[in-house]
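Visitor: here you go, sequence then predicted model.
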Amino acid sequence: MSENQTAAAKPNHLYLVDGSGYIFRAYHQLPPLTNRHGQPVGAVYGYTSMLWKLAAELDKADGPTHLAVVLDKGSHTFRNDMYDQYKAHRPPPPEDLVPQFPLIRDATRAFSLPCIEEAGFEADDIIATYTCRAVEAGWNVTIVSSDKDLMQLIQPGVDMYDTMKNERRGADYVVGKFGVPPEKLGDVLALMGDSVDNVPGVPGIGPKTASKLITEYGDLESVLAAAPSMKKSKMQENLIEHSDMARLSRKLVALHCEMTLPEPLDDLTLKGIPEEPLRDFLEHHGFKALLNRLGGPAAAVAVAAASAAITSGTPPPPPQIEDAPPIDCSAYETVVTEEALDRWIAAAYAEGIVAVDTETSALDAVSAALVGVSLSTGPNLACYIPVGHGGMDMFAEKPLQLPLDLVLAKLKPLLEDDSILKVGQNIKYDLTVLGRHGITVAPFDDTIVMSFDLDAGQSLAGHGMDEAAKTHLGHTCISFKDVVGSGKNQISFAEAQLDKATAYAAEDADVTLRLWKLFKPRLHQEGATRIYEMVDRPLVPVIAKMEHTGIKVDREHLSRLSSEFTDGIARLEGEIHALAGQPFAIGSTQQLGAILFDKLGLKGGKKGKSGAYSTDVTILEKLKAEGSEISGKVLDWRQLSKLKSTYTDALQQQINAQTGRVHTSYSLTGAQTGRLSSNDPNLQNIPIRTETGRQIRHAFVAEPGNVILAADYSQIELRLAAHMADVPALKEAFANGEDIHNRTAEELFGEVNRDTRGRAKTINFAILYGISRWGLASRLEISADEAQDMISRYYERFPGISVYINETLEKARARGYTETLFGRKTWFPRIRASIQHERQGAERAAINAPIQGTSADIIKRAMARMGPALEKAGLPDVKMLLQVHDELVFELPESDVEAASAIIRDTMAGAAEPAVKLSVPLGVEIGTGPSWGAAH
DNA sequence: ACCCTCACG
DNA sequence: GACGTACGTGAGGGTA
């Protein structure tokens, strides 16, 4: 063979594409595109672009002569037989990715490329085996992947190619990243472990230490052998104690290259890519940018550039806010003619997106009148359409404005158009207001919810408009007070001057659209799209509807209770003053402290920086137990005062005059963990724990012929803790339907009685909240040492809990946030604070957040599915009224109770699926009655 | 505006 | 050695 011939023949070069790895990366880095059939295809598009890019390599001198796409098949592999925890904590793929898997195979076929999958082996092993065979045959190999495990295969003639970063990687890359050459990478990976795949490794050893040890001693076995003679340290202890886990890890990370080739090497020869099937595929999914390029070199350059940007892993550049002109309130238009209104609507259609904000006469979305609507289609392109200025007085002088009905009729098609995205800041409010005028706004995005899903817990990110504008745009919004004044002189927005109203309202729309342009790409980049699109956004109209429906409250019942409480308060007041020997304001903690501790000489020291006496319930209970009569009476007085002022009196005020019902407002961004909060009035803290308080719940009633149905998740947070921390004894107890506190008492104390069950319950909750021995000690009235013993026993009996706590804290420290099972992030900026109690507070909150947040995610999913589920079951008259964290309250015709109970139970119990498969059942308890009180 | 207290999960 | 101790909320009343 002459030299000439060797040089002329293109050397065999096998490209092995890690399809599975690619799909996940593409999914997270690309927007959630949908094709015209409504299928999610974001990951498919990314994948297709990647194949396209590889196809372009065909023509290169050192390009592929052979190629195979390798995919994972099934989830059980020989590694699971080796170690049952392998990849055990990996969440199932996102709901909108699952339907894309078959499409990935379609895409591969469209390129006429061989696709290889083999049950029992991971894609990595298939790639490893092909690599070995090809190297033996003297071929070059390129592995198209960014997986660190596969980097073990890099050797002369074998490199890796990251299409998203457009980077080729050889041995130098591995040395730079891990400090060791590829052949020693397996030893390093075994020591450091992998939390994603759940490869255990050795605790406390990360990439740095692992690479140092391997460099020093040569390989894993040598490190383990040398461990006993190393300097004494935590690391040395861990190396000895976990040497078995390290060896197991070594086997788990090793790539298997002895499997039988599913297809012989020669069958992977590239024969070119026929255009026909590819064109069909691209057309079917509407991948126009690629179609244009298929058409030939004449295709538009701009299109190709846009597509290239996506292929390299960068999302299409979002409109940069830096490029946008600064906010200029003088640029806004007041729309008072039909022509101008039409012009703005046309602009919205041209952009495909419009920010919308409504202004009303009051804050209450259920009964306030619509005063105006603002729109924005781009930076400084915003208008205000007044419709209700001058108020409702027919004879009052009014500014020139378009009639309400005309404006609504013109806006309705735009606001309901499937192809136009409407953006609002707290759009729940606008959905309610516009819904009352027969407009169903869709599709929509809500910047307050987007901000929350990105930045919950970030101390400098307020989610409200004014704070968000300051933080993200560096802009100070016109304050509401500048428009309507404040205090006694405050006027309704309907009374505001048109120029001021325009500047204020149009600015809100302008800011909202600018915020959207910042948040939208961030959602994808930061992995928040899933929680936003699958949980929180769908909830917005559901909550709007609940708020609008409200709940009927029996005013007479409340009024009767108020009188009873007044009598009780007056009687107690007399007795307390008599015992004190003087009248004083019982509600004043200052005066009460002076009476109890100075005048009557009771024990109970000062507390807090203010130097004031503490007189809270724990102190008064203690004094009462020591025989102080006055303390007991103050406690009774406090209970009645609280019930009267906060509930029986205030709630009567909150009954809406038009509907006769109470309409709370839920905040989707109120609680850092993802819970809802309820305000004006708060209907999530209606009394139930005491009999006196419970009477208030009887005032929440159903309309005649209807009943109230209350459905509670039973012990949902403990169940989630059992699942997330993987605690066998707790999971078993829940699976068997046991009383969980009894089971805990049995495990901890060996016997179950009222006392041990009560203590067990306290400890169970302590675990959820991030325990400290002092806290537990004071709750159980034992010493800190005894509390510590109890905690240790708990950890022993329920292995998994302490691991969960440590892992959660480590992740929180490393990344700054925790995550729920559904991917909701909560940030903890204080987790690394140098002030101890601040840091410890953040740690306790971080332990609790994944559990409380997952519970919140689950009930939110149940709520979003409830309407359609009831509708489908032919139960349109069942109304969802309230959510109280683990409880949903409904009002429904008596005749629907049986059928609705089944649907509600199933929807709630199954709400985690299919996104998350829990290893414990979710229990749902349902009760019905004429009132909320009776339904429990 | 802030603290304390207390209602709920 | 002192600190202050369970997670997440919202509302009312007193005080400065």
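Guide: Happy to help now that I have it. Numbers count the residues shown, from 1 in each chain, chains lettered A, B, ... in the order given.
Visitor: residue A:15 - that's part of a strand, no?
Guide: Yes - per DSSP: H, G, I helix; E, B strand; the rest coil, residue A:15 lies within a strand segment.
Visitor: so what's it up against?
Guide: A:54, A:57, A:64, A:66, A:67, A:68, A:141, A:142, A:144, A:161 (C-beta atoms under 8 Å, 6 or more residues apart in numbering). No exception for glycine: its C-beta is placed from N, CA and C like everyone else's.
Visitor: tell me if stretch A:634-641 is near DNA strand B.
Guide: Yes - Stretch A:634-641 is in contact with DNA strand B by C-beta under 7 Å from any atom of the strand, via A:635, A:638, A:639.
Visitor: could the residues you listed be laid out in JSON lines, adding secondary structure?
Guide: As requested, the residues of stretch A:634-641 next to DNA strand B are exported to JSON lines (three-state DSSP):
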{"residue": "A:635", "secondary structure": "helix"}
{"residue": "A:638", "secondary structure": "helix"}
{"residue": "A:639", "secondary structure": "helix"}
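Visitor: now, among the residues you listed, which is nearest to DNA strand C?
Guide: DNA strand C has its nearest neighbour among the residues of stretch A:634-641 next to DNA strand B in residue A:638, at 9.9 Å by C-beta to the nearest atom of the strand.
Visitor: give me the number of residues near the closest one?
Guide: Other residues lying near residue A:638 total 19 when counted by other C-beta atoms under 10 Å.
Visitor: now, among the contacts of residue A:15, which is nearest to DNA strand B?
Guide: residue A:144 (47.5 Å).
Visitor: phi and psi next, for that closest one.
Guide: phi -90, psi 100 (degrees, to the nearest 10).
Visitor: residues of chain A that sit close to DNA strand B?
Guide: Within chain A, the positions near DNA strand B by C-beta under 7 Å from any atom of the strand are A:589, A:608, A:610, A:612, A:614-617, A:620, A:635, A:638-639, A:642-643, A:646, A:684-690, A:693, A:852, A:884-887.
Visitor: give me the subset of these that also touch DNA strand C.
Guide: A:608, A:646, A:684, A:685, A:852, A:885.
Visitor: between the residues you listed, which is closest to DNA strand C?
Guide: Nearest to DNA strand C among those, with distances taken as C-beta to the nearest atom of the strand, is residue A:646, at 4.1 Å.
Visitor: what about the closest one, which SS state?
Guide: With three-state DSSP as the basis, residue A:646 sits in helix.
Visitor: then residue A:853?
Guide: Of the three states, residue A:853 takes helix according to three-state DSSP.
Visitor: give me the buried entries from the residues of chain A next to DNA strand B.
Guide: Buried members of the residues of chain A next to DNA strand B, scored by 16 or more other C-beta atoms under 10 Å, are A:614-615, A:620, A:635, A:638-639, A:643, A:646, A:684, A:686-687, A:693, A:852, A:884-887.
Visitor: still on that earlier bit, in strands, which of the residues of chain A next to DNA strand B fall?
Guide: residue A:887 (DSSP state E).
Visitor: show me the contacts for the residue most central in space within chain A.
Guide: By C-alpha atoms, centre = their mean, chain A has its centre lying nearest to residue A:824, at 2.3 Å. Residue A:824 makes contact with A:453, A:456, A:531, A:535, A:674, A:853, A:854, A:856, A:857 under the criterion C-beta under 8 Å, 6+ apart.
Visitor: go again with 6 Å.
Guide: A:531, A:674, A:853, A:857 (C-beta atoms under 6 Å, 6 or more residues apart in numbering).
Visitor: again with residue A:809
Guide: By C-beta under 6 Å, 6+ apart, the contact set of residue A:809 is residue A:843.
Visitor: that's a strand at it, yeah?
Guide: No - counting by three-state DSSP, residue A:809 is not part of a strand but helix.
Visitor: and the gap between it and residue A:856?
Guide: 21 Å (C-beta to C-beta, to the nearest Å).
Visitor: with residue A:686 instead?
Guide: 19 Å.
Visitor: equivalent analysis for residue A:722, please.
Guide: From residue A:722 to residue A:856 the distance is 18 Å (C-beta to C-beta).
Visitor: from DNA strand B, how far off is residue A:398?
Guide: Residue A:398 sits 34 Å away from DNA strand B when distances are taken as C-beta to the nearest atom of the strand, to the nearest Å.
Visitor: residue A:386 is in contact with that residue, correct?
Guide: No - using C-beta atoms under 6 Å, residue A:398 is not in contact with residue A:386, being 9.4 Å away.
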